[in-house]
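> A structural model of the following input is requested.
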Amino acid sequence: MNVKQLEAHEVPLRKVFCSDYDFRIPEYQRPYSWGTEQACQLLEDLTEALDRGPDEPYFLGSVVLVKSSDETSADVIDGQQRLTTLTILLAVLRDLTVDPGLARELEVMLQEPGSKVQGLASKPRLTLRDRDSDFFAEFIQNPGQLQALFARKSESLATDAQRSIQVNARALWESLQSRDENSRLGLVQLLGQKTFLVIVTTPDLNSAHRIFSVMNARGLDLSPADIFKSQVVGAMPEGLSKVYADKWEDAEAALGHDDFGDLFLHIRMIFSKERGKRELLKEFPEQVLNAYLPDRATEFVDDIVAPYANAYRQMRDHSYAATQGADLVNAWFRRLDKIENNDWRPVSLWALRHHSDDPVWLDTFLKQLERLASSMLIRRVYNTPRVQRYAEILRELDAGAGLDAPSFALTSKEIEETIQGLEGDVYLYTKGRRYILLRLDEALAKSPGVRYEHRLITVEHVLPQNPAPGSQWLNDFTTNQRNEWTHRLANLVLLNQAKNSEAQNFDFDKKKSKYFTGKRGVATFALTSQVLNEPEWTPTAMQDRQKTLLAALRDEWDLG
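You can find the predicted model right below:
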């Protein structure tokens with residue numbers, strides 16, 4: 001790589017969304033995929049930065065581009081998720097403001113207005129991949145179209161990326177519309193004046209990919225854990241430093257480099273009982289390590305690093321051991337591991353650290369933890385309130401609440417919202433559907449702790465999403481009935497085989513014999529085996545099945 005061709009600059013957001021850059025997402029890139037959790041977290045982080053003071057800069061990370069210095073065209077190699085979400089956020093702020101001047105300034109950040117003097121054509125600042133570019137331009141970059149976007153039915157959208165754009169725009173709108181105009185103006189000013197991206201550019205595609213690989217490579221530089229080790233071992237007398245360096249390295253070897261690094265994030269949470277707001281390298285010493293240095297350095301290894309590393313290994317590997325009851329504890333770890341976040345881990349680590357000798361207590365504790373984690377998954381609670389809930393549990397545990405920690409309990413509203421989530425279009429919830437169905441299958445099998453070790457598990461429809469013309473499905477279901485039932489629990493099964501686009505549209509009898517009972521079989525899934533026993537698949541059959549399945553989950557999670 002020619003170093004002279006590489007440029008890297010800290011650029012304020014107002015100079016990112018300007019005539020200097022014509023961002024394009026190449027076709028070989030994956031589609032936009034951020035969910036509401038990441039979008040809302042971005043807004044939460046910006047809000048916290050604003051609350052800390054308007055003069056404090058906020059850094060959004062880096063963007064890697066293929067771009068010549070004398071051209072505006074810029075292919076985005078890394079950073080499209082942030083650039084797309086920032087565009088959505090700016091569009092929401094534009095359409096919410098009652099100040100025409102501010103709306104116009106935000107519009108200019110989203111679209112190049114064109115200039116005859118400079119020879120610039122009017123066009124969007126950011127162009128997505130071909131399948132989504134027109135949609136994005138029409139509903140996001142075009143002023144006043146967000147309400148039309150919100151009115152579109154999710155199933156009418158052509159791609160998962162378009163559905164992500166819709167749900168993220170709605171989530172940001174709902175969060176920002178409750179704020180007053182001055183509050184939103186402060187956010188706009190933070191974005192324009194004090195929010196920075198590091199823009200890395202090179203005119204060569206291969207160079208850009210090498211930059212991206214180096215920037216994202218793990219283990220090349222000193223990690224926070226390496227720095228903490230040097231501080232802890234360096235504070236010990238010479239006679240102890242070698243012994244404790246070996247203890248530290250044994251703990252790291254047992255977990256591996258990446259999980260050992262994550263362990264310190266979880267320990268920080270256990271001690272601070274709040275979501276991290278700055279990088280670990282700054283917060284961990286302040287919130288944990290400084291209390292042990294220099295005089296208690298050995299205690300930090302013996303009482304914190306070693307036992308929590310051991311707990312993490314048992315939790316991760318489902319390898320908790322006890323004279324009896326260990327299988328129940330490990331079954332909870334297997335369930336929790338299937339949830340699409342790991343925010344529950346610090347609470348679980350606390351329990352293992354303090355009650356490893358009591359499998360009965362752990363079984364009860366983890367049952368409550370999984371119930372809460374499942375409810376928050378189903379209710380689509382995003383990162384900040386989710387972590388706040390776990391932080392409150394940690395505070396209650398430190399205060400001695402034990403199994404009676406109040407924050408484990410679900411309110412009547414939370415229970416109602418959980419049931420509503422289970423009653424709705426479960427299939428469309430890509431981050432939760434597989435977990436919900438696996439837990440349902442376990443409940444139906446009446447085999448607590450059943451292991452699902454298939455290489456592949458897919459969620460499939462019985463009534464297909466797009467029945468073939470002339471099929472029996474179109475005789476048995478009206479359009480309204482298909483819209484009502486297609487994506488709900490009653491119509492979903494689990495298979496241990498890849499999707500088969502042709503077989504998915506078979507009529508019911510053929511689907512059972514040719515697809516649901518294929519060569520690889522489905523006997524391990526009670527959820528699917530029940531369908532094989534149904535003589536026909538009709539709205540009435542699904543209505544009865546929906547009641548049965550929902551009752552099983554309500555009983556499993558004690559939802560009343």
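> H266 - nearest residue in space that isn't next to it in sequence?
Excluding the flanking residues, the one nearest H266 by CB to CB, 6 or more residues apart in numbering is P346, at 4.5 Å. C-beta coordinates here come from the backbone N, C-alpha and C atoms, glycine included.
> name the helix or strand for that neighbour, please.
Here P346, judged by DSSP states H and E, is contained in helix 345-355.
> relative to helix 345-355, how tilted is the helix or strand that comes right after that helix?
Using DSSP H and E, the helix or strand that follows helix 345-355 in sequence is helix 359-378. In terms of direction (axes from the mean of the first three to the mean of the last three CA atoms, to 10 degrees), helix 359-378 departs from helix 345-355 by 170 degrees.
> still on that earlier bit, give me the helices and strands touching the helix holding P346, please.
For helix 345-355, the elements it packs on are helix 257-272, helix 306-317, helix 359-378, helix 383-398, judged by 3 or more CB pairs under 8 Å, 6 or more residues apart in numbering; DSSP states H and E.
> got a markdown table for those, with mean pLDDT, mean neighbour count and distance to V232 too?
A markdown table is the format used below for these (pLDDT from 0 to 100; neighbours: other CB atoms under 10 Å; distance: least, CB to CB, whole Å):
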| stretch | mean pLDDT | mean neighbour count | distance to V232 |
| --- | --- | --- | --- |
| helix 257-272 | 95 | 19 | 12 |
| helix 306-317 | 98 | 19 | 12 |
| helix 359-378 | 98 | 20 | 29 |
| helix 383-398 | 97 | 18 | 23 |
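> just send the ones you listed back as a markdown table, with distance to S223 too.
Formatted as a markdown table, the helices and strands packed on helix 345-355 follow (distance: least, CB to CB, whole Å):
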| stretch | distance to S223 |
| --- | --- |
| helix 257-272 | 5 |
| helix 306-317 | 15 |
| helix 359-378 | 28 |
| helix 383-398 | 22 |
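> dihedrals phi and psi, L293?
According to degrees, to the nearest 10, the main-chain angles of L293 amount to phi -110, psi 140.
> just to revisit the earlier point, list the buried ones in the helix holding P346?
Neighbour counts over helix 345-355 (16 or more other CB atoms under 10 Å) mark 345-353 as buried.
> same check on stretch 22-35?
22-25, 31-32, 34-35.
> ok so, going back, show me what contacts the residue nearest to H266?
Contact analysis of P346 by CB atoms under 8 Å, 6 or more residues apart in numbering lists 266-267, 269-270, 390, 394.
> redo those as JSON lines? Include distance to L440.
Converted to JSON lines, the contacts of P346 look like this (distance: CB to CB, whole Å):
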{"residue": "H266", "distance to L440": "29"}
{"residue": "I267", "distance to L440": "35"}
{"residue": "M269", "distance to L440": "30"}
{"residue": "I270", "distance to L440": "32"}
{"residue": "Y390", "distance to L440": "25"}
{"residue": "L394", "distance to L440": "30"}
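> tilt between the helix holding P346 and helix 257-272?
Using the same axes, to 10 degrees: helix 345-355 against helix 257-272 is 80 degrees.
> just how off-centre is helix 345-355 within its chain?
Its chain's C-alpha centre lies 23 Å from the corresponding centre of helix 345-355 when counted by CA atoms, centre = their mean, to the nearest Å.
> average pLDDT for it?
Average pLDDT, helix 345-355: 98.
> beyond the least confident helix or strand in the chain by mean pLDDT, next helix or strand please.
Lowest mean confidence among the helices and strands of the chain (mean pLDDT, DSSP states H and E): helix 205-216, at a mean of 56. Counting by DSSP H and E, the element after helix 205-216 in chain order, helix or strand, is helix 224-234.
> can you name the residues in contact with the helix or strand following that next one?
Sequence order places helix 238-255 as the next helix or strand after helix 224-234, per DSSP H and E. Applying CB under 8 Å, 6+ apart, the external contacts of helix 238-255 come out as 225, 229, 232-234, 236, 260, 263, 297-298, 301-302, 305-306, 309-310, 312-313, 316.
> enumerate the positions of helix 238-255 that are buried.
Buried residues in helix 238-255, defined by neighbour count with 16+ other CB under 10 Å: 241, 244-245, 247-248, 251-252, 255.
> got it, and stretch 87-100?
Neighbour-count burial for stretch 87-100, counted by 16+ other CB under 10 Å, picks out 87-97.
> what's the answer for stretch 525-544, then?
525-529, 531, 537-539, 541-542.
> got it, and stretch 270-287?
Buried residues in stretch 270-287 (16+ other CB under 10 Å): 270-275, 280, 283-285, 287.
> distance to A552 added to those, as JSON lines?
Shown next, in JSON lines, are the buried residues of stretch 270-287 (distance: CB to CB, whole Å):
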{"residue": "I270", "distance to A552": "35"}
{"residue": "F271", "distance to A552": "39"}
{"residue": "S272", "distance to A552": "39"}
{"residue": "K273", "distance to A552": "35"}
{"residue": "E274", "distance to A552": "37"}
{"residue": "R275", "distance to A552": "34"}
{"residue": "L280", "distance to A552": "41"}
{"residue": "E283", "distance to A552": "43"}
{"residue": "F284", "distance to A552": "43"}
{"residue": "P285", "distance to A552": "48"}
{"residue": "Q287", "distance to A552": "43"}
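> between those, which sits nearest D130?
D130 has its nearest neighbour among those in R275, at 38.1 Å by CB to CB.
> out of everything not next to it in sequence, what's closest to that closest one?
Nearest residue to R275 in three dimensions, chain neighbours excluded: V387, at 4.3 Å (CB to CB, 6+ apart).
> thought E138 was touching Q145?
Yes. Using CB atoms under 8 Å, E138 is in contact with Q145, at 6.3 Å.
> those two: who's more crowded?
For E138 and Q145, the more surrounded residue by other CB atoms under 10 Å is Q145, and the numbers stand at 15 against 12.
> just the pLDDT at the more buried one, thanks.
Q145 carries a pLDDT value of 96.
> for L65, same thing?
89.
> and for E71?
E71 is given a pLDDT of 87.
> how about it, secondary structure?
Classification of E71 by DSSP: H, G, I helix; E, B strand; the rest coil places it in coil.
> and it, how many neighbours?
Residues lying near E71 (other CB under 10 Å) number 10.
> also D425?
Other residues lying near D425 total 18 when counted by other CB under 10 Å.
> S374 is in contact with E414, correct?
No. With contact defined as CB under 8 Å, E414 does not reach S374; the gap is 11.4 Å.
> residue ranges with poor pLDDT in the stretch 351-500 of the chain?
Across the stretch 351-500 of the chain, the ranges flagged by pLDDT under 70 are 447-450, 453-454, 498-500.
> V63 belongs to a strand?
Yes. Using three-state DSSP, the assignment for V63 is a strand.
> in CSV: the buried residues of stretch 525-544, plus secondary structure.
Output for the buried residues of stretch 525-544, formatted as CSV (three-state DSSP):
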residue, secondary structure
F525, coil
A526, helix
L527, helix
T528, helix
S529, helix
V531, helix
W537, coil
T538, coil
P539, helix
A541, helix
M542, helix
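> looking at these, which is nearest F508?
W537 (4.5 Å).
> who's in contact with the closest one?
With CB under 8 Å, 6+ apart, W537 has these contacts: 462-463, 476, 508, 531.
> could you redo the last one with a cut-off of 6 Å?
Shown in contact with W537 (CB atoms under 6 Å, 6 or more residues apart in numbering): 462, 508.
> gap between it and A490?
Computed as CB to CB, to the nearest Å, the W537 to A490 distance reads 10 Å.
> so where do the strands sit in the stretch 451-560 of the chain?
With DSSP state E, counting those that start in this stretch as the criterion, the stretch 451-560 of the chain has strands at 458-461, 492-495.
> by contact count, what packs against the last one?
Going back to what we said before, that points to strand 492-495. With contacts defined as 3 or more CB pairs under 6 Å, 6 or more residues apart in numbering; DSSP states H and E, strand 492-495 has these neighbours: strand 458-461, helix 526-532.
> just want the angle from the helix holding P346 to helix 306-317.
120 degrees.
> measure how helix 345-355 sits relative to helix 383-398, angle-wise.
Per the same axes, to 10 degrees, the angle that helix 345-355 makes with helix 383-398 is 10 degrees.
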